[in-house]
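# I'd like to go over a predicted model; first the sequence, then the structure.
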Amino acid sequence: MPDAHKNFSRRDWLTLNALAAGAFTATGASATPQSAPSAPAAPVSVAKVHTYDEDLVSQFRKMFDQIGGIGDKVRGKTVAVKLNLTGGNRFEGYTAGETHWVHPKVVGAVTAVLGQLGAKRIRLIESCFGRRRESRLEDKLLSGGWDVNALKNAAPVVEFEDTDSNQGQPYGTFKVAHKPYVFPAFELNHSYHDCDYFVSLGKMKNHEEMGVTMSIKNMFGVTPTALYGGRERIFHYGQVQAPAGAPAEIDPKSNRYEGWRLPRILVDIVGARPIDLAILDGIISTVGGEGPWVLGAKPIKPGILVVGHNCVNTDAVAMATMGYNPRAGRHEAPYRLYKGPNDHPPEQLKPADESFQYADNMMLLAEAVGIGSADLKKIDVRGTPIKDAMFEYEAFWKNQMPKEKS
Amino acid sequence: MGVFQRLLPLLYIPTVLWCAGPDAWIPARWQGGPLEVARRVQLKTAPAVGPEQEALENWYDPSTLRLLEGSPINCLLVTWSAGSDRDLIRRQQEVVKSYTGSARQSGAAVIGVVYPGPNAAEAATSAAAAGLDGLALDGDFPADFAAQATRALAGRPVIPILQAAPAARTSSAPLLGVEGVSPRARNLADMGIRSAPSSEPWIESNIWLVRSFRLRPGAWHPVWISYETEDATPADYPLFAADAAIAGGRWIINLDDKFRAALRARDAAALAAWQRTGDVLRFAEEHAAWRDFSPFAALALIVDPASAQADMGEEYLKLVTRRQTPYRPILRSSLTAATLAGFRAVLATELAPPTPAERQMLTAFAENGGVVIAGPSWGNAPKGEDQPYAEQPQGKGRVVVYRDPDPESVARDLRDTLAQAERGVTVFNVPGVITYSSSANSGRCVLLQLLNYSSSPADDITVRVSGSFTSARLFAPGAAPAKLQIESAQGRTEVAIPRIALWGALLLE
């Protein structure tokens, strides 16, 4: 039986270098798409950064230069930065920004650099309080203990918007540019089209149902709950259909298992609102889940930042620095899952198409539709080599997941 | 200055403390002696043979009174009567009688704790003979027992320690104790519960319980909160003391076996924790004027002690506090248009159903711009499973109707159903904190007290309060008041609090 905990070690990394491109694809489950030769590959920068107190402004300037620069893309433009904030609970002794949100110092540094590079307007955006009568992103930031005034002053024009509702403006319809998997289009807050350059600023961490969260998974939060309602029922489980006014899913009878469904929806979202720059904060993070509410999850200190133009390339490189095989299949870590039986609908605990819980690899799904390559052999990694940056998440999560009975 | 004049203050202070009335008593459960050991053996909770058992058995050695030096504690609850062994009770009472004399010299009042038993009736007579300052009745006693004991004690206080808060709120006893919980904060994941991302630590607190006694009419009287600590370390005791004190109550300090033994052995860490606990108690007494402040809230929470579901009302009082929405409880029997004046919202799910007069009153409240949160008996409740409540416009205001209200959901949803102005106070970045808002001078002075239940400090807190204020000061035990910067805009005031270690009190004027 394959070992779901087998991680992508330094030894594997060395082995990988000797393998032909796509070799790992063969180890994936049959449902995992094969490498798409046409999927683009762009440089990705990796850096070891041990604390949030380092000079992150200089660090990001350096990393942006390493991937070929972004100045010509942001100068005089409106830049939207989708933050990864999620739930507000804490690990004892840690702030949310340290472990499961992006850190305010990372956001501040990125904002400052974008300002230095001439961005006309920087809009920090994230979905927070779709059901609340007053939905202000600033309040969400305050709930994490952030210094909102410092962020406002990090660049000449910094704005904030909670994109969990329409904020008084019409939603925009975003069509999936590739052949869609589940949804042909999404209705999103105007901020996702009122920008010239779009950044996904995510946390590099595990995820209970999806295996990992990075720049692609961060995009799940662009869907406005004020329109769609609770995301679990419509997107995770497909228990309800899209509300009137929102594009319906292509096949309401398709597989409802979230491990099959959600990775495909994530790729559809990225196809609808493409990412121009992916930034991943793994200086401090969470292993074993996406936050302290997940049983067994705990804080870790990988000390890693990853930056790239292409979200699939960037997530693939980040995943390798986490000690995982970026081309892993359903039955491999981190995609072979254990979900608590008390916390998920019974049908989500037993997929119809497998004998074990899984999530499909969203990077391979994105690669298959041509968004970007998840093949490390094709990606030019700059800055710190992967083998020197690597922090093996699974090694810090040993014995947390219940072992399967043989 | 002569010697006598220099000593005069020293003579005066204990006398003042001893002479202080029951409202000034700061209690500690001071269990010990042979009877206490036997009681614990019977309960199968006796400490193991060794220092802990020795400390319990010999606690009435006068040397333990050294713990009162420099401490505000001035009322000791000693083991007086329990079980059926007359000889043992007599021996215990001889030990306690001797100790009482020494305690008096230290300025402490001595209250005998009586547990149910065949000899309980004699306890009052013997207590009067021994000159105790009163009795505390811990457990279930016959209905007329307290009155009999009061007569035997010639008017000295008999303090019932009641298990159920609703019964305690209707008690006519001028001083009473009520069973509380051992305070702490725990992450749900640490309790084996996979929660939602929006979940917050589960905080066990008695703040709501103490403030619920403000429903009783009249001037402030202390409520004593009684509980045995759970998994406590000495460092937790200042939190326990503050938890009761914030809303004007007093924890009956209850030493666990390890802490008692460590204190008896004069362990430095234990003594430091004891000192910090004293600092908290002193801070509470230094700011006794805060107890006369009224609850500051834009939300009225209607409670109905006569309801068949009175337990549900208790849950609302507890859980709305936990979800950081300030409220003022209003008895259903005192609900009038006048009592609702000044509120922005009313939580009325306890009116199930409202009477025609109540419905008319609440409708008028909404018509005038208020928010009414009601249960399904209001009508037009949503039917879909994924829609727990529906909002209905009503004149200048609205009615929020729940399909099947439960206190946890309603309390959590208040952040969504009410705008910030309708909540009055919003506090950011306080997952391990419980707050209590009160005011004086017709709202010109607002006090927001914050108690941090986490073992880590609470940092980078932002407080947003409806209204304009020109001064913000932060008070904390053992620290000088700190002036904080104020930002005012759009009829509200915002203050940033850098850090709260345990108890912080933000006074806005």
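In hand now; what should we look at? Numbers count the residues shown, from 1 in each chain, chains lettered A, B, ... in the order given.
# nearest residue to whatever residue of chain B ends up closest to chain A in space, please, no chain neighbours.
Nearest residue of chain B to chain A, counting by C-beta to the nearest C-beta: residue B:197, 2.6 Å away. Placement of C-beta: from N, CA and C, glycine included. Excluding the flanking residues, the one nearest residue B:197 by C-beta to C-beta, 6 or more residues apart in numbering or on different chains is residue A:87, at 2.6 Å.
# likewise for residue B:487?
Nearest to residue B:487 is residue B:494, by C-beta to C-beta, 6+ apart, at 4.5 Å.
# repeat for residue B:272
Using C-beta to C-beta, 6+ apart and skipping residues adjacent in sequence, the residue nearest residue B:272 is residue B:234, 7.9 Å away.
# which residues are contacting the strand or helix carrying residue A:124?
Assigned by DSSP states H and E, residue A:124 belongs to strand A:121-126. For strand A:121-126, the surrounding residues in contact (C-beta atoms under 8 Å, 6 or more residues apart in numbering or on different chains) are A:77-85, A:107, A:111, A:114-115, A:137, A:140, A:151, A:155, A:157-163, A:189, A:191-192, A:194-195, A:221.
# and the contacts of stretch A:51-71?
With C-beta under 8 Å, 6+ apart, stretch A:51-71 has contacts from A:42-45, A:47, A:49, A:98, A:103, A:105-106, A:108-110, A:112-113, A:116-118, A:197, A:277, A:279, A:283-284, A:303, A:305, A:307-309, A:382-383.
# swap the cut-off to 6 Å and go again
For stretch A:51-71, the surrounding residues in contact (C-beta atoms under 6 Å, 6 or more residues apart in numbering or on different chains) are A:43, A:45, A:47, A:49, A:103, A:105, A:109-110, A:112-113, A:117, A:283, A:307-309, A:382-383.
# same check on stretch B:366-382?
B:345-349, B:352-353, B:362, B:390, B:394-403, B:405, B:422.
# show me which of these are buried.
Burial by neighbour count, judged by 16 or more other C-beta atoms under 10 Å in any protein chain shown, picks out B:345-349, B:352, B:362, B:394, B:397-402, B:405, B:422 from the contacts of stretch B:366-382.
# on that earlier part again, tell me if I'm right that the residue nearest to residue B:272 and residue B:270 touch.
Yes. Under the criterion of C-beta atoms under 6 Å, residue B:234 makes contact with residue B:270 at 5.1 Å.
# now the closest residue to residue B:484 other than its chain neighbours, which residues is it bridged with?
Leaving aside its sequence neighbours, residue B:484 sits nearest to residue B:472 (C-beta to C-beta, 6+ apart; 4.3 Å). Taking DSSP bridges as the rule, residue B:472 bridges to residue B:508.
# show me how to select, in PyMOL, the buried members of the contacts of strand A:121-126.
Buried residues within the contacts of strand A:121-126, by 16+ other C-beta under 10 Å, are selected in PyMOL with:
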select buried, chain A and resi 77+78+79+80+81+82+83+84+85+107+111+114+115+137+140+151+155+158+160+161+162+163+189+191+192+195+221
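# secondary structure class for residue B:360?
helix (DSSP: H, G, I helix; E, B strand; the rest coil).
# now it: how far from residue B:392?
Per C-beta to C-beta, to the nearest Å, residue B:360 is found 16 Å from residue B:392.
# who's more crowded, those two?
Set residue B:360 next to residue B:392 and count neighbours by other C-beta atoms under 10 Å in any protein chain shown: residue B:392 wins out with 16 against 12.
# still on that earlier bit, select only the buried ones of the contacts of stretch A:51-71 in ChimeraX?
Buried residues within the contacts of stretch A:51-71, by 16+ other C-beta under 10 Å, are selected in ChimeraX with:
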select /A:43,45,47,49,103,105,109,110,112,113,117,283,307,308,309,382,383
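# among the contacts of stretch A:51-71, which ones are in strands?
A:45, A:47, A:307, A:308, A:382, A:383 (DSSP state E).
# can you tell me which of those comes closest to residue B:328?
Distance to residue B:328 across the ones in strands among the contacts of stretch A:51-71 (C-beta to C-beta) is lowest for residue A:307, with 52.0 Å.
# tell me the pLDDT of the closest one.
Looking at residue A:307, its pLDDT is 98.
# so what's it bridging to?
Beta-bridge pairing for residue A:307 (DSSP bridges): residue A:45, residue A:279.
# would you say the residue nearest to residue B:487 is within a strand?
Yes. Under three-state DSSP, residue B:494 falls within a strand.
# measure it to residue B:40 for me?
Residue B:494 sits at a distance of 52 Å from residue B:40 (criterion: C-beta to C-beta).
# and the residue nearest to residue B:272, what does it touch?
For residue B:234, the contact set (C-beta under 6 Å, 6+ apart) comprises B:259, B:270, B:273.
# tell me the phi and psi of it?
Main-chain torsions, residue B:234, degrees, to the nearest 10: phi -50, psi -30.
# what distance do you get for it to residue B:266?
For residue B:234, the distance to residue B:266 (C-beta to C-beta) stands at 13 Å.
# got it, and residue B:159?
The spacing between residue B:159 and residue B:266, counted by C-beta to C-beta, is 31 Å.
# okay, the two: which has more neighbours?
Between residue B:159 and residue B:266, counting by other C-beta under 10 Å, residue B:159 is the more crowded of the two (26 against 11).
# okay, now the closest residue to chain B within the stretch 301-406 of chain A: neighbour count?
Closest to chain B within the stretch 301-406 of chain A is residue A:343: 4.1 Å, counting by C-beta to the nearest C-beta. Residue A:343 has 16 neighbours, counted by other C-beta under 10 Å.
# equivalent analysis for the one 10 residues further on, please.
Neighbour count for residue A:353, taken as other C-beta under 10 Å: 13.
# could you list the low-confidence segments of the chain?
This is for chain A. A:1-37, A:398-406 (pLDDT under 70).
# I was after chain B.
Where chain B drops to pLDDT under 70, the residues are B:1-20, B:216-217.
# which bits of it sit near chain A?
Where chain B comes near chain A, counting by C-beta under 6 Å from any C-beta of the partner chain, the residues are B:187, B:189, B:194-195, B:197-200, B:416, B:419-420, B:428-429, B:431, B:456, B:460, B:462.
# in strands, which of the buried ones among the contacts of stretch B:366-382 appear?
B:345, B:346, B:347, B:394, B:397, B:398, B:399, B:400, B:401, B:402.
# for residue B:175, state which of those residues is nearest.
Closest approach to residue B:175 among those (C-beta to C-beta): residue B:347, at 30.9 Å.
# bridging residues for that closest one?
Residues in a beta bridge with residue B:347, per DSSP bridges, are residue B:301, residue B:373.
# test my guess that it contacts residue B:301.
Yes. Counting by C-beta under 6 Å, residue B:347 does reach residue B:301; the two are 4.7 Å apart.
# and the residue of chain A nearest chain B?
Nearest to chain B in chain A, going by C-beta to the nearest C-beta, is residue A:87, at a distance of 2.6 Å.
# hang on, isn't that residue packed against residue B:200?
No. Using C-beta under 6 Å, residue A:87 makes no contact with residue B:200, being 9.2 Å away.
# quick check: residues of the stretch 301-406 of chain A near chain B?
Counting by C-beta under 6 Å from any C-beta, the stretch 301-406 of chain A sits next to chain B at A:340, A:343.
# residue ranges of the helices in the stretch 301-406 of chain A, please?
Counting by DSSP state H, counting those that start in this stretch, the stretch 301-406 of chain A has helices at residues A:311-321, A:362-368, A:386-389.
# show me what the second one is packed against.
The helices and strands touching helix A:362-368, judged by 3 or more C-beta pairs under 6 Å, 6 or more residues apart in numbering or on different chains; DSSP states H and E, are helix A:258-272, helix A:311-321.
# give me the element residue B:506 is part of.
strand B:503-508.
# gap between that strand and the chain center?
Mean-position distance between strand B:503-508 and its chain equals 17 Å (C-alpha atoms, centre = their mean, to the nearest Å).
# then stretch B:70-87?
Chain-centre distance of stretch B:70-87: 22 Å, with C-alpha atoms, centre = their mean.
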